[in-house]
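Trainee: This is the structure alone, sequence omitted:
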């Protein structure tokens, strides 16, 4: 048995399991131990230790016979937005108190089909609404990274903060996450991990608690690009239960890595160089450009002229859909119910008690923009702008294959620093929302440390359903960046 | 064919106007009919739609709106909607969109109904309706769209508590919206009747109003003839054709009364109370919901292939209007008889089976009369339907032939029919075995006539003065022959003997 099994990457663990150097029970046990020791990070909201060991034993039995799927025996954390059969699923909202689904989401079903082991459910912003994982009913998640010589607790990004924190702190080998406006890529950037949001329609949304249906997309957060390719390969696929999933074969993403990027055209959108841009981020971006150029890529300047409208567009479309998607949480059939004197009173009391402030804010915004007399000026206009944004990308892709941008405008910030100012919080998504609005794949790769010692990420954006090229470029970026820093394990008591 | 009036040029008919105390009023009616699509599964889930199941036994995870559940369109329901659109001679829209209609209600689990708002699957069409006196008018169809039904709230199971049955939640409906083309409750009732017939022909809705498969929202307004449209009230969810008529009559008079007293109509939604025979306010325009319609992001726009539309069109059954025209030309039926027959496809089918079962030249008019009077009388009395009739079309046709060829008289035929209905025997067999064959032997009839005349010399004398009294002798002869004497022959012999010529 190796000294610390949690040091392995997913690919490394997979190979060690196949070679029978380790067992899934050992590996799973190591993670359960790390999770116990890492409680201070508040990454998990539900731990399924018994289930994990049971699944690990079953995997070991298969591995012993030389059988098993692509993820056989690999222990994973699952964002609480994914419905898991027989396991509490709350989207980290009080309103889903006690909700245990009698069904399994398609994405997690795919993972279990391939032999993965479930460690537990990961914390997230309530209904995935947030950029810092501070809106969770179960409290904020803590980033394992700290500034040099400082003990301030930082946010892990959001909404998939439990996923990013757990992967970064080695509380799971990899995690599922979801991304509506940056919720995979920004947390990955804040924690020195890799996060890929695939093309809209690549992963089934069936069984994933909906935030904004036309933007939501599942993807993994992992230690490195190879692990992301392996995870995505299992998560992706057509699902006839999701009308927006696309019937296209899932390529062997891992095989796309390491083919080099000689001749790859990398677009640099000038509009992403925003006013008052963080100098460190700007410098990292420039370094990224140089790395890719050195690896043989051709750098192309491109323009995405409607970028400045992306954030306001996003904050109309997403809340509008959310206001409708969250109408089903009414206290009638499941979850929280606060009794009232009549049905309307029951609705009001239940929803007032069940939803946190940020969710209430977005439900109100969404209700407003869809209201009679405002629909055309807000929702309809936003949809038109969305079309223009998608057109910008299509235009840019006539001269390049992928785009390179920063992932987030800053490194991780302190818990509580931005909670009183929703607008500055929303600005975190400035580089990521365009990708969701256009339905494109995007990946964040750790590319360096800030002067304070915090990880920073660069984002690559690909063409629709061209995750192979995206991962190939990300792999090249990862190799050039040689990001090997790790957070100090201050959280183990 | 009767003339079809175009709405644009339709002058008010005096008999449709309501006489108020201050003058005449014209009623303007438009209907929104909700027709449940005949389909084994719901519009966006695989759950069963069978009527009458135990509460909450036909509910999928989608119907109950559990977190993360997604709708998937039932293609069969789409085909049914297209079929209906074609049956209404309407424009089929190759591109339509499902929208969410947002409102909170316990029997609406998602908190929104998936419907079609801006882009319905079917556009403008028309329904020709048949009215008293052979009058026909065309009622314009504005649109047809698909939507989900809601569940059912039950308030009387326990005091202070309501229960919800989600069996209906997600069942596929077609909302068929007419133009405001109707001017009387008769026209509205004829419209719903005809629409129901068309839907049943197409097999796209069973039209069962008692089970709620067909129900109507009725928009009623009144105006002075020829003036601008008045403010309308919508009467929700009326579930019988009779109630539709009653609701309109009540509502029109209510509005006229208000206007004649100098008041004005408030736009509102009303409910019809069949027990009280009146409409009551449900909610005013101010209380109306803001449904915040927007395209459902869980569903792609519905795109239809022209090839699919063509295939459905090619397989469309014969529609009532076409069938009526064909029955008239093929069997020489009157418009009235043909209209009666095509009201239900099964009736027309039975009739055609009667006409096709024997030799060509069967008396089509006589066959209609036997179907609509004697056969329907018996079926109604015995609680049968045309589908379960103990008398087969072939047997009814044979009975018609026996009358036509003079084997039995119409009078005797009624006895033969009763026997056929009770025993299922063929009419020829009944006639033979029961000795009901008509007596056409002039010698035998003459003997019977002579016997009666000999016994009644005074009547003979009177009848010679007043030929109309000949009928008394006919009756006596029929009586003495147990009705089997050929009435025509009897008439002729009596007329000859009385020295007068036969009337025919």
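Mentor: That came through fine. Being a predicted model, the structure only gives us computed values, none of them experimental.
Trainee: what's the least confident helix or strand in the chain, going by average pLDDT?
Mentor: If you meant another chain, say so; for now it's chain A. Least confident helix or strand of chain A, by mean pLDDT, DSSP states H and E, is helix A:422-426 with a mean of 85.
Trainee: The intended chain is chain B.
Mentor: Within chain B, no helix or strand scores below strand B:4-5, which has a mean of 45 by mean pLDDT, DSSP H and E.
Trainee: Which helix or strand lies directly C-terminal to it?
Mentor: On the C-terminal side of strand B:4-5, the closest following helix or strand by DSSP states H and E is strand B:18-19.
Trainee: After that following strand, which helix or strand is next?
Mentor: Next along the chain from strand B:18-19, counting by DSSP H and E, comes strand B:24-36.
Trainee: From the rest of the structure, what touches the next helix or strand after that next one?
Mentor: Downstream of strand B:24-36, the first helix or strand assigned by DSSP H and E is helix B:75-87. Residues from elsewhere that reach helix B:75-87 (C-beta atoms under 8 Å, 6 or more residues apart in numbering or on different chains): B:35, B:37-39, B:41, B:43, B:91-92, B:121-122, B:125, B:144, B:146, B:172, B:174, B:176, B:198-199, B:201-205, B:302, B:304, B:308-309, B:312-313, B:316, B:319. All C-beta atoms are positioned from the backbone trio N, CA, C, and that covers glycine.
Trainee: which residues touch the following helix or strand past helix B:75-87?
Mentor: Once the chain leaves helix B:75-87, the next helix or strand it forms, by DSSP H and E, is strand B:95-96. With contact meaning C-beta under 8 Å, 6+ apart, strand B:95-96 is reached by B:116, B:119, B:120, B:121, B:145, B:301, B:302, B:303, B:304.
Trainee: Assign residue B:143 to one of the three secondary structure states.
Mentor: Of the three states, residue B:143 takes strand under DSSP: H, G, I helix; E, B strand; the rest coil.
Trainee: should've said residue B:174
Mentor: Using three-state DSSP as the criterion, the local structure at residue B:174 reads strand.
Trainee: Quick test: name the residue nearest the centre of the chain.
Mentor: I'll assume chain A. residue A:184 (2.1 Å; C-alpha atoms, centre = their mean).
Trainee: actually chain B
Mentor: Residue closest to the average C-alpha location in chain B (C-alpha atoms, centre = their mean): residue B:193, at 3.9 Å.
Trainee: Would you mind measuring from that one to chain A?
Mentor: 36 Å (C-beta to the nearest C-beta, to the nearest Å).
Trainee: go on, residue B:499?
Mentor: Computed with C-beta to the nearest C-beta, the distance linking residue B:499 and chain A is 90 Å.
Trainee: Spit out the contact partners of residue B:440.
Mentor: Residues near residue B:440 by C-beta under 8 Å, 6+ apart: B:406, B:486, B:489.
Trainee: meant to ask about residue A:429, not that
Mentor: Neighbouring residues of residue A:429 by C-beta under 8 Å, 6+ apart: A:131, A:181, A:182, A:186, A:311, A:314.
Trainee: what about residue 484, how many residues close to it?
Mentor: I went with chain A, as the question did not name one. Here the number of neighbours of residue A:484 (other C-beta atoms under 10 Å in any protein chain shown) works out to 7.
Trainee: think we crossed wires, I meant chain B
Mentor: Residues lying near residue B:484 (other C-beta under 10 Å) number 18.
Trainee: so it makes contact with residue B:436?
Mentor: Yes. Applying C-beta atoms under 8 Å as the test, residue B:484 and residue B:436 come out as touching, 6.5 Å apart.
Trainee: List the residues that are in contact with both of the two.
Mentor: The contact sets of residue B:484 and residue B:436 overlap at residue B:412 (C-beta under 8 Å, 6+ apart).
Trainee: Start and end of stretch B:233-252, how far apart?
Mentor: 10 Å (C-alpha to C-alpha, to the nearest Å).
Trainee: and residue 486, how many neighbours does it have?
Mentor: Picked chain A for this. Residue A:486: 14 neighbours (other C-beta under 10 Å).
Trainee: not what I meant, chain B
Mentor: Neighbours of residue B:486 under the rule other C-beta under 10 Å: 20.
Trainee: so it sits right up against residue B:442, yeah?
Mentor: No. With contact defined as C-beta under 8 Å, residue B:486 does not reach residue B:442; the gap is 9.1 Å.
Trainee: List just the nearest of the contacts of residue B:440 to chain A.
Mentor: Of all the contacts of residue B:440, residue B:406 has the smallest distance to chain A: 68.5 Å, by C-beta to the nearest C-beta.
Trainee: Quickly note the distance from that closest one to residue B:14.
Mentor: Residue B:406 is 49 Å from residue B:14, where distance means C-beta to C-beta, to the nearest Å.
Trainee: what about those two, which has more around it?
Mentor: A count of neighbours by other C-beta under 10 Å puts residue B:406 above the other of residue B:406 and residue B:14, at 13 against 9.
Trainee: from the contacts of residue B:440, which ones fall inside helices?
Mentor: Under the assignment DSSP state H, those contribute residue B:489 to helices.
Trainee: Closest to residue B:377 out of the contacts of residue B:440?
Mentor: Minimum distance to residue B:377 across the contacts of residue B:440 is 24.7 Å, recorded for residue B:406 (C-beta to C-beta).
Trainee: can you pull the contacts of the closest one?
Mentor: Contacts for residue B:406 (C-beta under 8 Å, 6+ apart) come out as B:438, B:440, B:486.
Trainee: and chain B, which of its residues are near chain A?
Mentor: Taking C-beta under 8 Å from any C-beta of the partner chain as the contact definition, chain B meets chain A at B:61, B:64-73, B:100, B:102, B:104, B:106, B:109-112, B:162, B:164, B:290, B:292-294, B:297-300.
Trainee: Of those residues, keep whichever come out buried.
Mentor: For these, a burial check counting by 16 or more other C-beta atoms under 10 Å in any protein chain shown picks out B:61, B:64-73, B:100, B:102, B:104, B:106, B:109-112, B:164, B:292-294, B:297-299.
Trainee: Partner strands of the one helix or strand residue A:460 maps to and their direction?
Mentor: Assigned by DSSP H and E, residue A:460 falls within strand A:455-461. Strand A:455-461 sits in its sheet next to strand A:402-406 (antiparallel), strand A:442-449 (antiparallel), going by DSSP bridges.
Trainee: how about the helices of the stretch 301-450 of chain B, start to end?
Mentor: Listed in chain order, the helices of the stretch 301-450 of chain B (DSSP state H, counting those that start in this stretch) span B:306-314, B:320-331, B:335-342, B:345-357, B:364-369, B:376-382, B:393-404, B:410-423, B:427-433, B:442-455.
Trainee: thinking again about what came up before, so which of the contacts of residue B:406 sits lowest on pLDDT?
Mentor: In terms of pLDDT, the least confident member of those is residue B:440, at 71.
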